[in-house]
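K.L.:
sequence first, then the predicted structure, then my questions.
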Amino acid sequence: MQAQLNKILEEVKEQLKNAETLAQTDEIRVKTLGKKGRLTEILRGMGKLPAEERKETGQMANKVRGAIEQLLEEKFAAVKAAAKEAQFKAEKIDVTEPGRDTIVGVKHPLTITMEEISRIFMNMGFSIVEGPEVETVFNNFDALNAGPNHPARDMTDTFYITEDVLLRTQTSPVQVRTLMKQDPPIKVISPGRCFRCDTPDATHSPMFHQIEGLLVDEGITMADLKGTLDSFAKQLFGTSTRTKFRPHHFPFTEPSAEMDVSCFKCGGKGCRVCKGSGWIEILGCGMVHPNVLKVGNIDTEKYTGFAFGMGVERAAMLKYGVDDIRLFYENDMRFINQFK
Ligand code: DAH
């Protein structure tokens, strides 16, 4: 029996050497000291021993139990410490590791251009108004003095939704909405999206952006128009920029003009950007036609005004040297990220 006790002790030592987890250690405890454990069974059988053997064996059994308990206690402590160590290792943070980069969005070049142009006019006292992209035929054409037979009304140019409703082909209908809503003095700009039934190519897109301007007050003349737009051009393209107004035709202005700016690339000598002419066309403008003012019930004897409209894509292409309008709509981040 004493040999058996020693054997149990040795075996438990061996088993504990291989135990790695709390569960494994506890299994050894149960198998040895549990209710049906090997040592427990022996201790229980002690009563059957002859009296002279009982004392010595009993002492030894108690010693072995004490030793096993001690071993188990040490092992439990070691396993717990190892588990904690492993947890620390797993949760370790390397504070010297470089941080993960967050990708921050950038403004689209058209937004940048629109904001820059808007800011220039806002600094001159213009406020921003907006109009809907789905417009009435009346606001887009009739009220702008473009009667039923005007070529711009042709089905090939305009996206019609119904006979009376369309996708606006220009931001000019915002002039009509403003004149109907507001009394002079009026001093507004209106940036926004426009639509024309064009086949896309390097300079055409069925969807594009314009910025419209409208100023109505007493005593407004062509000199105000020229002064305002010349100042705008100098702020957008640089102080040495010169402007030139060429006679043109728009149904909603009389007289009408197109404004050219001296080429900011070559300064007017002639280059690829200005196609050798030294000048670049930048916007349409004119004195608001009395027929348009009348739509807003404005006294045309008392008030006059000027208006202008420009393409945002064209301005952005010139400013940034972009040679294909389609690049603006492809969402290719290699293109967009260049305007950071
Ligand atoms: N709406 C015109 C266009 O799309 C641009 C324009 C020209 C607007 C002259 C104006 C203006 O307000 O006075 O071509």
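P.N.:
Good, I have the coordinates. Residues are numbered from 1 along each chain as shown.
K.L.:
look up how far residue 32 lies from the residue of the stretch 1-150 of the chain found nearest the ligand.
P.N.:
In the stretch 1-150 of the chain, the residue that lies nearest the ligand is residue 144 (8.0 Å; CB to the nearest ligand atom). Yep, even glycine has a C-beta here, placed from its N, CA and C like the rest. Counting by CB to CB, to the nearest Å, the separation of residue 144 from residue 32 is 100 Å.
K.L.:
so what's residue 8 up against?
P.N.:
32, 38-39, 42, 64, 68 (CB atoms under 8 Å, 6 or more residues apart in numbering).
K.L.:
repeat that for 10 Å
P.N.:
With contact taken as CB atoms under 10 Å, 6 or more residues apart in numbering, residue 8 is in contact with 32, 37-39, 42, 61, 64-65, 68.
K.L.:
all strands of the stretch 201-340 of the chain, in order?
P.N.:
207-218, 243-250, 253-262, 279-288, 303-311 (DSSP state E, counting those that start in this stretch).
K.L.:
check whether the third one contacts the ligand.
P.N.:
Spelled out, it's strand 253-262. Yes - using CB under 6 Å from any ligand atom, a contact is recorded between strand 253-262 and the ligand, made by residue 253.
K.L.:
what comes up buried for that strand?
P.N.:
Residues 253, 256-262 are the ones in strand 253-262 that count as buried (16 or more other CB atoms under 10 Å).
K.L.:
packing partners for it?
P.N.:
helix 222-237, strand 243-250, strand 279-288, helix 290-295, strand 303-311 (3 or more CB pairs under 10 Å, 6 or more residues apart in numbering; DSSP states H and E).
K.L.:
mind listing the strands the second one pairs with, and their directions?
P.N.:
As defined by DSSP bridges, the strand partners of strand 243-250 come to strand 253-262 (antiparallel).
K.L.:
and the partner strand with strand 279-288, angle?
P.N.:
Strand 253-262 runs at 160 degrees relative to strand 279-288, counting by axes from the mean of the first three to the mean of the last three CA atoms, to 10 degrees.
K.L.:
what's near enough to touch residue 242?
P.N.:
230, 233-234, 260-263, 267-268, 278-279.
K.L.:
for the stretch 51-200 of the chain, which residues are neighbours of the ligand?
P.N.:
Contact residues, the stretch 51-200 of the chain versus the ligand (CB under 6 Å from any ligand atom): 170, 172.
K.L.:
tell me which of the contacts of residue 242 is nearest to residue 151?
P.N.:
Closest approach between those and residue 151, by CB to CB: residue 260, at 23.9 Å.
K.L.:
could you check how many residues crowd around the residue in the stretch 51-200 of the chain that the ligand sits nearest to?
P.N.:
The ligand sits closest to residue 170 of the stretch 51-200 of the chain, with a gap of 3.6 Å, by CB to the nearest ligand atom. Neighbours of residue 170 under the rule other CB atoms under 10 Å: 24.
K.L.:
try the one 10 residues further on
P.N.:
The burial metric for residue 180, expressed as a neighbour count using other CB under 10 Å, is 13.
K.L.:
returning to that earlier point: what about the closest residue to the residue of the stretch 1-150 of the chain closest to the ligand other than its chain neighbours, distance to residue 192?
P.N.:
Spatial nearest neighbour of residue 144, excluding adjacent residues (CB to CB, 6 or more residues apart in numbering): residue 252 at 4.2 Å. To residue 192, residue 252 is 17 Å away according to CB to CB.
K.L.:
shouldn't the residue of the stretch 51-200 of the chain closest to the ligand be in contact with residue 152?
P.N.:
Yes - between residue 170 and residue 152 a contact is recorded at 8.6 Å, counting by CB atoms under 10 Å.
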